[in-house]
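**Student:** everything below, folded, please.
(chains A, B, C, D, E and F)
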4 protein chains.
Amino acid sequence: MSEKITDNKESREKLVECAKREFLEKGFTKASLRKISSEAGLTTGAVYFFFGDKNGLFEGVVGEALARLNAVLENHFAQDIEADLLTYEHHSGDHDDFSEELVNVIYDHYDEMTILLDRSAGSKYERFVDSIIDKLDSSYIALAEKYAACVPNKRVNRKMLHWLTHVQINAFIHMMQHEKNRDSALHFIKPVMDLLIKAWMEYSLEDDV
Amino acid sequence: MSEKITDNKESREKLVECAKREFLEKGFTKASLRKISSEAGLTTGAVYFFFGDKNGLFEGVVGEALARLNAVLENHFAQDIEADLLTYEHHSGDHDDFSEELVNVIYDHYDEMTILLDRSAGSKYERFVDSIIDKLDSSYIALAEKYAACVPNKRVNRKMLHWLTHVQINAFIHMMQHEKNRDSALHFIKPVMDLLIKAWMEYSLEDDV
Amino acid sequence: MSEKITDNKESREKLVECAKREFLEKGFTKASLRKISSEAGLTTGAVYFFFGDKNGLFEGVVGEALARLNAVLENHFAQDIEADLLTYEHHSGDHDDFSEELVNVIYDHYDEMTILLDRSAGSKYERFVDSIIDKLDSSYIALAEKYAACVPNKRVNRKMLHWLTHVQINAFIHMMQHEKNRDSALHFIKPVMDLLIKAWMEYSLEDDV
Amino acid sequence: MSEKITDNKESREKLVECAKREFLEKGFTKASLRKISSEAGLTTGAVYFFFGDKNGLFEGVVGEALARLNAVLENHFAQDIEADLLTYEHHSGDHDDFSEELVNVIYDHYDEMTILLDRSAGSKYERFVDSIIDKLDSSYIALAEKYAACVPNKRVNRKMLHWLTHVQINAFIHMMQHEKNRDSALHFIKPVMDLLIKAWMEYSLEDDV
DNA sequence: TATGAATGAGATTTCATTCAT
DNA sequence: CATGAATGAAATCTCATTCAT
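**Tutor:** This next block holds a predicted model:
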């Protein structure tokens, strides 16, 4: 009897799909709900029904990707980072697992990551990259403190460390923007991570005064 | 006795000043001409009288800083970069002059640079950082080609080079955002540049196939 | 009990109605959307919801009238105009059908036609009269060429023909502006058309050199 | 000693000249005083100094042309119009003098006339054409009354007369728009006036009831 | 489930005009 | 004789959001 042939998740998904395109193209702030809805064959009201508001729609687009990314990061932070720092250089491929996981998450949700990391200005996730950097930074400081404890007359160079964290995150964003597929991404990111680890070893401590 | 004795240019300057604050806080797109003018004690019409349009006002804010920055960059590109690459590592302080000039320009126009480099989305200068990267990139590729010519079985690794260019520019932006005064900025940027030069030497070439 | 029970389409119609009045009074360019909406008890946003933009609203006002007018004109142009020109004078009432149709369309949409023909400057229909004249002109030139072929030592006088086309169209506009009802309009336009046909027969050809 | 090399009429004339161009191109309403002044190398204030306001500037542009046109028209109306109407047809060239005078005035002030007759909407002269038509109409009605007095069972057909007046004025405007030089203008307007006079003789009276 | 209607606050921009100097 | 500064009112348009149905 019903004339609606759409099942109930179809509209929501269409909305997410069109929103993804629009956010990707214009960024959160300049994206138009009107355009998104009309391209989905729906009206703005539908957005409010399904997602509450514009930020909700944004979350609808990036939510899953975000969750997976967070999981990878949390997992990484939670890991025992008691690695023998003094011998770290001997097996520089150690961090490959983390890189690979990250690359996988990113390329499993390529568009969503692009949006989250580079088109989220104005949304409630606009500080997302910063928050990752903050977490990573604390984590690296803790690690470096241990490292410093083993090396006489040295202390942690926090500024350099903070910058290296930035560079690391930005390296993944750069990778995303320049390498369209997973393999070339991995091929790109490995030497980059190598370089960063070496830099970390060499610059994360400074002479104690 | 009159209260309406205003210097000539006072209004224009007030506008620039208020616009600077607003652009700094909200970025070009979200900045409101209404707010800017009213905080300057004027009307939006005044903005149009002095600057033509919103982009004109933006230019009024960043113009001078931009010109100086461009001058430094042009000068840098124009310089003979025939440095003896093979012995480069022996005098790693070589690029200090450029860094210092850059730091000076940046800290002479601290707010303006922040706006130009990080709050210009939507304005006619939104591609400014990209354009710098492009120029720098070409310049570095040329340099690396010469370098490669001296080293057997090596060729330029363009992707790595391009990333290093990004890192370099972002290092200056990072510096701006984290070091509020010139001295600490220089203190920060010098080892960073050192690191980058070493990385450049080591990673800009890859094995020829 | 509720006071907000509005027919669907009531607002749209109110908007069209108020817009008609405003366009009629001020012409497209000087008409104010603010005034139109507020007189309809709505906001300018409503105009954009229903019509997209000012030109859309204009179209909403004149669209139907325009379509009917175009239909009559197209039909007229499409007709075989192989009438025996040489004996044309014997049945000068021939064009009465066209005139009557035109008069009917015009008086069915009196205000809309006034707007379309005389208040449309600045709108996307501002060249409408010209486009009619162009079509009519081509049509008349073709007719006159056939006529000329039957008369020795004569050729088409294009300038006179073009002017007569203008006069004809303007006659209908004049009629609209001076005759408020259909009957007096017909009473006026018939001798005018007679006169024009005679003029056409006499002046559309000039001596060949 | 003076640094101003301009004599005092130069600015005024420059303003008139630039205003002419702008009015011609955009019409009174859409013309911008700012643009006019700046193209004249002056500021809007100068317009207000010389002309009082926008309408004053308009007058500055069309004033002289207007005066001459009015003179020709007044002269024409003032003339003894006691011509022997019954024999009028025998010397259809009679009105040539008037036409020629009109053509001369028009082509002596070609741009100004175009502005006055076709770009004056919004200005204080926007009703100028109508006022001419009104005057011409009264004049023709008076003439026709005399004519009617000589012909039994006929009375003045005011509507037709009024339309013919319109056609006549519009013929001159049409001429202006289509004939760029005086000779071709005269060549065009003469047969037109002939036609109109014949029409006048034939259609200005209707059967008395 | 969704629509369709409508708001209200905002945006940038344009313009004739004024007036002290 | 003319400027430069500035106003104030208006313009069109965009948008996220609400809500009765």
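**Student:** what is the burial count for the nearest residue to residue A:33 once chain neighbours are set aside?
**Tutor:** Excluding the flanking residues, the one nearest residue A:33 by C-beta to C-beta, 6 or more residues apart in numbering or on different chains is residue A:44, at 5.0 Å. (Each C-beta comes from the backbone N, C-alpha and C, glycine too.) Neighbours of residue A:44 under the rule other C-beta atoms under 10 Å in any protein chain shown: 15.
**Student:** so for residue A:44, what's the pLDDT?
**Tutor:** Looking at residue A:44, its pLDDT stands at 93.
**Student:** check residue A:190 too.
**Tutor:** 93.
**Student:** contacting residues for it?
**Tutor:** Residue A:190 is in contact with A:96, A:99, counting by C-beta atoms under 8 Å, 6 or more residues apart in numbering or on different chains.
**Student:** remind me which helix or strand it belongs to.
**Tutor:** helix A:182-203 (DSSP states H and E).
**Student:** now do residue A:125
**Tutor:** Per DSSP H and E, there is no helix or strand for residue A:125.
**Student:** any idea how far it lies from DNA strand E?
**Tutor:** Using C-beta to the nearest atom of the strand, to the nearest Å, residue A:125 is found at 23 Å from DNA strand E.
**Student:** so where do the strands sit in chain A?
**Tutor:** With DSSP state E as the criterion, chain A has strands at A:154-156, A:205-207.
**Student:** please identify which of these is closest to residue C:115.
**Tutor:** Checking these against residue C:115 by C-beta to C-beta gives strand A:154-156 as the closest, at 77.2 Å.
**Student:** tell me how far the closest one is from the chain's mean position?
**Tutor:** 29 Å (C-alpha atoms, centre = their mean, to the nearest Å).
**Student:** and it, what's buried?
**Tutor:** A:154, A:156 (16 or more other C-beta atoms under 10 Å in any protein chain shown).
**Student:** residue in chain A nearest to DNA strand E?
**Tutor:** Closest approach between chain A and DNA strand E, counting by C-beta to the nearest atom of the strand: residue A:45, at 2.4 Å.
**Student:** and chain A, which residues reach chain B?
**Tutor:** A:27, A:29-30, A:121-122, A:159-160, A:162-163, A:166-167, A:170-171, A:174, A:178, A:188, A:191-192, A:195, A:199, A:202-203 (C-beta under 8 Å from any C-beta of the partner chain).
**Student:** and these, which are buried?
**Tutor:** Buried among the residues of chain A next to chain B by 16+ other C-beta under 10 Å: A:27, A:29, A:121-122, A:159-160, A:162-163, A:166-167, A:170-171, A:174, A:188, A:191-192, A:195, A:199, A:203.
**Student:** the lengthiest helix in chain A close to DNA strand F?
**Tutor:** In chain A, with assignment by DSSP state H, the single longest helix is helix A:54-78. Yes - interface with DNA strand F: helix A:54-78 contributes A:54-55 (C-beta under 7 Å from any atom of the strand).
**Student:** what's the average pLDDT for that helix?
**Tutor:** Averaged over helix A:54-78, pLDDT sits at 91.
**Student:** still on that earlier bit, so what's the closest residue to the residue of chain A closest to DNA strand E other than its chain neighbours up against?
**Tutor:** Closest residue to residue A:45 apart from its sequence neighbours, by C-beta to C-beta, 6+ apart: residue A:37 at 8.0 Å. Residues near residue A:37 by C-beta under 8 Å, 6+ apart: A:15, A:18, A:43-47.
**Student:** export those residues to CSV and tack on distance to residue D:68?
**Tutor:** Listed next are the contacts of residue A:37 as CSV, based on distance: C-beta to C-beta, whole Å:
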residue, distance to residue D:68
A:15, 70
A:18, 66
A:43, 63
A:44, 62
A:45, 66
A:46, 68
A:47, 67
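**Student:** pull out the buried members of those residues.
**Tutor:** A:15, A:18, A:46-47.
**Student:** what's the closest of those residues to residue D:105?
**Tutor:** Distances from residue D:105 to the buried ones among the contacts of residue A:37, taken by C-beta to C-beta, are shortest for residue A:18, at 64.8 Å.
**Student:** my guess is that closest one contacts residue A:33. True?
**Tutor:** No - contact criterion C-beta atoms under 8 Å: residue A:18 and residue A:33 do not qualify, at 10.3 Å.
**Student:** ok, for whichever residue of chain A sits closest to chain C, nearest residue in space, not its chain neighbours?
**Tutor:** Using C-beta to the nearest C-beta, residue A:34 is the residue of chain A that sits closest to chain C, at 9.9 Å. Of all residues not flanking residue A:34 in the chain, residue A:44 sits nearest, at 5.8 Å (C-beta to C-beta, 6+ apart).
**Student:** buried set for stretch A:170-184?
**Tutor:** A:170-176, A:179.
**Student:** what pLDDT does the nearest residue to residue A:100 once chain neighbours are set aside get?
**Tutor:** In space, and not counting its chain neighbours, residue A:100 is closest to residue A:186: 6.8 Å by C-beta to C-beta, 6+ apart. Listed pLDDT for residue A:186 reads 94.
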